[in-house]
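Visitor: coordinates only, sequence not included:
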């Protein structure tokens, strides 16, 4: 089992962090024993069993005798929720967000989609402290960017999606029809040669409108999102100006995307 950063001592991890680590380990290895999870994460066997029960109830895994296995295509069909998602591949998401933020120019208008990776881009732009106009359907993105007096923050309005920080539906959809921003930073549940895709039709609709409301569409997706489609396509690969992914991305998939005309930018590890 690959343990890397999980093998270090852990103190008082919250359930979302532990469950993110479990999903990462299952994504890498397919299956593991309760004891392997406990050793890798630094939690008790009883705690791990509770986390496995939670993830099984959500449809991500199947319990086996003494362990668990990842359900087929679970991570492209289901959403872990914003709390867990924020901790999955966190280092990669930070690097992607910083790379995307570095490409934003002062005084541009930027659409920020609701995704854990786009939130890292928002944090990186806050640290740059450059003047921009930000348009978002993400409550956490709005809160983050509102800490800068240089950034004008507009939320599109709408209904708060249960269990998330995402706004969707009217009046946000109507608002986006009247927008033409310089850049849209879009998250995706999956990216294939056909384009980025999402799990639910409501969120897909908002993302579709965002891509049409910007002159430059930049998809931010870590390497685990590449190669297998979710249910609803956001747009075609030809509608994307840039895909920003991380250093673990499969070179074969990246090459195939480039052959389709996509610009693929690889964010570097923070240790490089």
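Guide: Perfect, thanks for sending it. The structure displayed is predicted, hence computed values, not measured ones.
Visitor: where in this structure is pLDDT low?
Guide: Scanning the chain for pLDDT under 70 picks out the ranges 1-12, 78, 271-272.
Visitor: helices of that one, start to end?
Guide: For the chain, the helices defined by DSSP state H occupy 15-29, 34-41, 45-57, 74-77, 82-85, 90-102, 116-128, 139-145, 172-177, 201-212, 251-259.
Visitor: out of those, nearest to residue 164?
Guide: helix 82-85 (5.0 Å; CB to CB). For the C-beta atoms, the positions are set from N, CA and C on the backbone; glycine is no exception.
Visitor: doesn't residue 189 make contact with residue 207?
Guide: No: using CB atoms under 8 Å, residue 207 is not in contact with residue 189; the gap is 9.9 Å.
Visitor: what touches both of those two?
Guide: residue 198 (CB atoms under 8 Å, 6 or more residues apart in numbering).
Visitor: what residues are up against the residue lying closest to residue 89 once chain neighbours are set aside?
Guide: Leaving out its chain neighbours, the residue that sits closest to residue 89 by CB to CB, 6 or more residues apart in numbering is residue 222, at 4.6 Å. Neighbour list for residue 222: 89, 92, 93, 96, 117, 245, 246, 248 [criterion: CB under 8 Å, 6+ apart].
Visitor: at 10 Å instead, please
Guide: 88-93, 95-96, 116-117, 187, 191, 244-246, 248-249, 267 (CB atoms under 10 Å, 6 or more residues apart in numbering).
Visitor: how far away is it from residue 99?
Guide: Distance, residue 222 to residue 99, by CB to CB, to the nearest Å: 12 Å.
Visitor: overlap of the contact sets of these two?
Guide: Contact criterion CB under 10 Å, 6+ apart; residues shared by residue 222 and residue 99: 244, 245, 246, 267.
Visitor: quick check: the farthest pair among those residues?
Guide: Using CB to CB, the shared contacts of residue 222 and residue 99 span at most 8.4 Å, a distance reached by 244 and 246.
Visitor: what's the end-to-end length of stretch 36-53?
Guide: Taking CA to CA, to the nearest Å, stretch 36-53 runs 16 Å from one end to the other.
Visitor: beta partners of the residue nearest to residue 200 when sequence neighbours are not counted?
Guide: Spatially, and ignoring its direct neighbours in sequence, residue 200 is nearest to residue 232 (7.2 Å; CB to CB, 6+ apart). Residues in a beta bridge with residue 232, per DSSP bridges, are residue 198.
Visitor: and residue 249, what does it touch?
Guide: Residues near residue 249 by CB under 10 Å, 6+ apart: 92, 191, 221-227, 243, 257, 264, 266-267.
Visitor: most neighbours of all these, which one?
Guide: When neighbours are counted as other CB atoms under 10 Å, the busiest of the contacts of residue 249 turns out to be residue 191, with 29 neighbours.
Visitor: ok, that residue touching residue 242?
Guide: No: the criterion here is CB atoms under 10 Å, and residue 191 misses it with residue 242 at 12.0 Å.
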